[in-house]
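J.: below are the sequence and a predicted model for it; my questions follow.
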Amino acid sequence: MRLGSGTFAACCVAIEVLGVAVFLRGFFPAPVRSSARAEHRAEPPAPEPSAGSSSNWTKLPPPLFSKVVIVLIDALRDDFVFGSKGVKFMPYTTYLVEKGASHSFVAEAKPPTVTMPRIKALMTGSLPGFIDIVRNLNSPALLEDNVIRQAKAAGKRIFFYGDETWIKLFPKHFVEYDGTTSFFVSDYTEVDNNVTRHLDKVLKRGDWDMLILHYLGLDHIGHVSGPHSPLIGRKLSEMDGVLMRIHTALLSKERETLLPNLLVLCGDHGMSETGSHGASSTEEVNTPLVLISSVFERKPGDMRHPKRVQQTDLAATLAIGLGLPIPKDSVGSLIFPVVEGKPMRDQLRFLHLNTVQLSKLLQENVPSYEKDPGFEQFKVSEKLHGNWIKLYLEENNSEVLFNLGTKVLRQYLDALKTLSLSLSTQVAQYDIYSMMVGTAVVLEVLTLLLLSIPQALHRKAELDVPLSSPVISLLFYLMFLVLSAIHVIVCTSAKSSCYFCGLPWLAACGVMALISALLCAIVSVLTKMFIRGSLPSKNPAPPNSGWSELDLLMVFGTVGHVVSLGASSFVEEEHQTWYFLVNTLCLALSQEIYRSYFLRDDGEPQCCFRVEQGFAGATPALQDRTGYDTREQDRVHVSSSLSEVLRGHEKWMVLASPWLILACCRLLRSLNQTGVQWAHRPDLGHWLTSSDHKAELSVLAALSLLVTFMLVQRGCSPVSKAALALGLLGVYCYRAAIGNVLFPWQQDNRDISKGIIEARFVYIFVLGILFTGTKDLLKSQVIAADFKIKTVGLWEIYSGLVLLAALLFRPHNLPVLAFSLLIQTVMTKFIWKPLRHDAAEITVMHYWFGQAFFYFQGNSNNIATVDISAGFVGLDTYMEIPAMFLTAFGTYAGPVLWASHLVHFLSSETSSGSALSHACFCYALIGSIPVSTYIILVTSLRYHLFIWSVFSPKLLYEGVHLLITAAVCAFFTTMDQTSLTKS
């Protein structure tokens, strides 16, 4: 079976996407769970240790509070309440924290710090799996045991208003509710007004036991404007007023009840310095937790500084406060200050219930639980507790009783801490079988790509895979039977759940057949290589043949980048690797240019590039990798040096072009500080986005849009030029409408809007330009002789993507787009055209620059740097598919635009029909090597300390990047097929 190099590469990447998907499903595991969670059986509470006494408590303790109100403010950082912002904008809350009847804590949220997993942690007390960051966009119903389910089972009436994620997680649990969408980030007013408008009516009625309010406005402001926006202060003042209204109403209602009420102020996660969240920085994981109740009244001079607790501790505390069983999956501890005012016997009872629940969870998830220090401490505590009960029943009041009770109390608290820590370290059970299946597919694809390099980069750009031979067919059936037998054995003997075993047999057999076919293809290629190697070569390679210095740089740069992924610091600071590689590439190009210009032929050729017959109309007749003989022949037949071809300013532009690119890259590095080590340091982007420099940002955004138009319009048709100009004008109008930039006649933009009309105005021109480009491409297939139509069509598609990127980029990032276009123009005119690079080298250059521009945008391997506000530009309601597409494109605009430019360049400048096939193969190969290697690395490092905070987010990025690579290869293949049709 013969396949073109491009088609073969596109198929390989598509298969690799499947393998990575299976691996991800196995790698991101389910957290520790109780075996009784599915049935949700109402188990009787553990009796009080009695040490042989007949008198013990066998029922749950009565509730401590009559009503509970939970006010969850999305993205509420701890310093927004306990810091200077809290003092300035939340005076009532600050008074309660410092002098009122309250207990304050800094609750640590574990990554991923996104809303849905954090709600799970708050209500179940468990640690959600990292894959919940993907499910965050479409939250399924929560099946684990949780406080909401227990409260409903106990007959309590629960009201909810706010983020609709709660309604998806807890369907049919709320007596009354009103949900608001959590992903329309440009709305930070109505989304909170829809919650507050219910307050007065609900607080007056009082026909509820639990009221939950989830405010989203603060989080939306952070995504759009960052944590230092003036809007943050206004929103905090608004929330302070809401808390005062609720607290006042609860105090007035306490006169009618025997028990006090409880008001809980908390955040689901924090907010990074860029306004986003999802990772593990201090600003993202530290959230305030304020428990307010009249029972917490403090004495004069009693200063209570916020203590550190875990976010998962709230579930156990709420369950005890409402007289409910603690959720079975909870790994949290009771927040002891809540019950320290109760009698000693009640305190010990509460702590005993918590330790019993944690010890049961430990027994079900840790085989050697008896040797666990926490379990041993629990047994000692329980024994001492029984002795205390015996002494208590004999003599109710004595100093010995008090001292023993204090000792038991400390022992329980130590046991709780140790048990919680032990369970938190057992957060995952990896699905090793699914991981192995996915790894096998990915490694087979990579091996096949590597073995196919000689054929794929040959002049014909075709591969021969004889899978139909009898030997190969026999091997296929044998492998399929062996893999099927292994699958049956593993799935029937597996003690824990396995995703791959849960697939239908038809799907599982399909994957087994795919693995067998890939293995047979590898054997076929190896056999052909062995046969060819054993035969004498008709054209042996000259002894002095070898790779150019640029080739060596690209190979060692790729290998070095892959090796660096094994270190957590290099993953966190990966942008530094790409900046170094791009800068080194520019220096290497400078060396080649200078050598070609200054050194003439003197017997031994020193120029690796062939200069064409004229610079003005030069085209890189791209080399075909047909073997060493062709490359050496090109080296020998070298044309005149650059100094004889270039004239006037062209000569100086060619000599200066690498240094110009280096200067552009240095400026872009100053725009956005990314990574971890230096992300907190000020950069030009922070300076531009501050409210004091809006005029400077406006000028820079306008100049960037103007440069973008000048660089893009040169290849467009007149109609597309007009659409591009109007579209870029609409981009500026959109940013002015939402308050990012100013028009010259504006003093200040107080009347800001969502900019929906302006953004949709731009979308019309984006779609129009893309439609025009697609029409020209289809037209070029009909008119085979008109090569110019295809070139214009490809450039118009590229122009439409540039316009879309300009709309989605934040204003301070528009220079990134302008510099990207400038570098592409300089390299096209002054490097790739006058110098002879082959398709593989040009592809690697485009890939490297695409990766560098991914980080120039301010991205990193940190989930928090994903700008989700790009997914809601021009949308007035949340639409999942458009939002996901826009967010993905806004994040990966750099690699996508450079890949699109590569397709246009190779289609318009090369005379070789195989250039696109070679480029597609090289792009697939250079994209597959990192993800394949990284899968092996994360498998071996799955118990590493930073596996969830550093390596796992990078794994998700690699998975999405591979998906983008598959789409790019599909586009390559389509364009290549068009060229073949014409020929």
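T.: Yep, that arrived.
J.: which stretches of the stretch 551-700 of the chain have low pLDDT?
T.: Along the stretch 551-700 of the chain, the parts satisfying pLDDT under 70 run over 599-649.
J.: how about the helices in it?
T.: In order along the chain, the stretch 551-700 of the chain carries the following helices (DSSP state H, counting those that start in this stretch): 568-572, 574-598, 628-636, 642-645, 649-669, 684-689, 694-712.
J.: contacts for the last one next, please.
T.: When contacts are taken as Cβ atoms under 8 Å, 6 or more residues apart in numbering, the neighbours of helix 694-712 outside the stretch itself are 688-689, 724-725, 728-729, 731-732, 735-736, 740-743, 798-799, 802, 806, 811-812, 814-815, 817-818, 821-822, 825. All C-beta atoms are positioned from the backbone trio N, CA, C, and that covers glycine.
J.: alpha carbons of the helix or strand following it, as CSV, please.
T.: Toward the C-terminus, helix 694-712 is succeeded by helix 718-737 as the next helix or strand (DSSP states H and E). These are the backbone C-alpha positions of helix 718-737, laid out as CSV (Å, rounded to 0.1, in the frame of the first residue of the first chain):
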residue,chain,number,x,y,z
PRO,A,718,-9.2,44.4,-3.1
VAL,A,719,-12.4,43.1,-1.5
SER,A,720,-10.5,41.4,1.2
LYS,A,721,-8.3,44.4,1.8
ALA,A,722,-11.4,46.5,2.5
ALA,A,723,-12.9,43.8,4.8
LEU,A,724,-9.6,43.6,6.6
ALA,A,725,-9.4,47.3,7.2
LEU,A,726,-12.9,47.5,8.5
GLY,A,727,-12.4,44.4,10.6
LEU,A,728,-9.3,45.9,12.3
LEU,A,729,-11.2,49.1,12.9
GLY,A,730,-13.9,47.1,14.5
VAL,A,731,-11.4,45.4,16.7
TYR,A,732,-10.4,48.8,18.1
CYS,A,733,-14.0,49.8,18.5
TYR,A,734,-14.7,46.6,20.4
ARG,A,735,-11.8,47.3,22.8
ALA,A,736,-13.0,50.9,23.3
ALA,A,737,-16.6,49.7,23.9
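J.: helix 718-737 to helix 694-712, inter-axis angle?
T.: For helix 718-737 against helix 694-712, the angle by axes from the mean of the first three to the mean of the last three Cα atoms, to 10 degrees is 170 degrees.
J.: can you list contacts of helix 718-737?
T.: Among residues not part of helix 718-737, those counted as contacts by Cβ under 8 Å, 6+ apart are 698, 701-702, 705, 708-709, 712-713, 716, 741-743, 746, 749, 752-755, 757-759, 761-762, 765-766, 768-769, 772-773, 796, 799, 803, 806-807, 811, 873.
J.: equivalent analysis for stretch 190-203, please.
T.: Counting contacts by Cβ under 8 Å, 6+ apart, the residues outside stretch 190-203 that touch it are 159, 161-162, 176, 178, 180-181, 184, 208, 211, 213-217, 220, 235, 238, 242, 245-246, 249-250, 253.
J.: which of those residues fall within helices?
T.: G217, H220, K235, E238, V242, R245, I246, A249, L250, K253 (DSSP state H).
J.: just the buried subset of the residues you listed, please.
T.: Buried members of these, counted by 16 or more other Cβ atoms under 10 Å: G217, H220, K235, E238, V242, I246, A249, L250.
J.: distance between the host helix or strand of V22 and the chain's centre?
T.: Counting by DSSP H and E, the element that carries V22 is helix 5-27. The gap between the average C-alpha position of helix 5-27 and the chain average comes to 19 Å, counting by Cα atoms, centre = their mean, to the nearest Å.
J.: got it, and stretch 688-701?
T.: Between the centre of stretch 688-701 and the centre of its chain there are 28 Å (Cα atoms, centre = their mean).
J.: do the same with stretch 344-352
T.: Its chain's C-alpha centre and that of stretch 344-352 lie 43 Å apart, by Cα atoms, centre = their mean.
J.: sheet-wise, list the partners of the helix or strand where V71 lies with their directions.
T.: Secondary structure assigned from DSSP H and E places V71 in strand 68-73. Paired strands of strand 68-73, with direction, are strand 210-215 (parallel), strand 262-266 (parallel) (DSSP bridges).
J.: now the ones you listed in CSV, with mean neighbour count?
T.: Output for these, formatted as CSV (neighbours: other Cβ atoms under 10 Å):
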stretch, mean neighbour count
strand 210-215, 24
strand 262-266, 24
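J.: can you tell me which of those comes nearest to I842?
T.: For these, proximity to I842 was assessed by Cβ to Cβ; strand 210-215 is nearest, at 51.3 Å.
J.: got a list of contacts for the closest one?
T.: Contact with strand 210-215 is made by 67-74, 151, 156-163, 165-166, 192, 195, 199, 202, 239, 242, 322, as judged by Cβ under 8 Å, 6+ apart.
J.: what is the neighbour count of E273?
T.: Residues near E273, counting by other Cβ atoms under 10 Å, number 18.
J.: got it, and V562?
T.: Residues within reach of V562, counting by other Cβ under 10 Å, total 16.
J.: count the neighbours of the closest residue to it other than its chain neighbours for me.
T.: Using Cβ to Cβ, 6 or more residues apart in numbering and skipping residues adjacent in sequence, the residue nearest V562 is T933, 4.8 Å away. In terms of burial, T933 registers 20 neighbours under the definition other Cβ under 10 Å.
J.: what do you get for D79?
T.: 18.
J.: so who does it touch?
T.: Taking Cβ under 8 Å, 6+ apart, one finds K85, G86, E283, N286 in contact with D79.
J.: same thing with V490?
T.: V490 touches Y433, C498, C501, counting by Cβ under 8 Å, 6+ apart.
J.: helix, strand, or coil at it?
T.: Secondary structure for V490, judged by DSSP: H, G, I helix; E, B strand; the rest coil, is helix.
J.: any idea how far T113 is from the residue positioned nearest the centre of the chain?
T.: When the chain is reduced to its mean C-alpha position, the closest residue under Cα atoms, centre = their mean turns out to be I863, at 3.8 Å. Counting by Cβ to Cβ, to the nearest Å, the gap from I863 to T113 is 8 Å.
J.: overlap of the contact sets of those two?
T.: By Cβ under 8 Å, 6+ apart, I863 and T113 have these common neighbours: G278, A279.
J.: quick check: buried residues in the strand holding V71?
T.: Neighbour-count burial for strand 68-73 flags V68, V69, I70, V71, L72, I73 (criterion: 16+ other Cβ under 10 Å).
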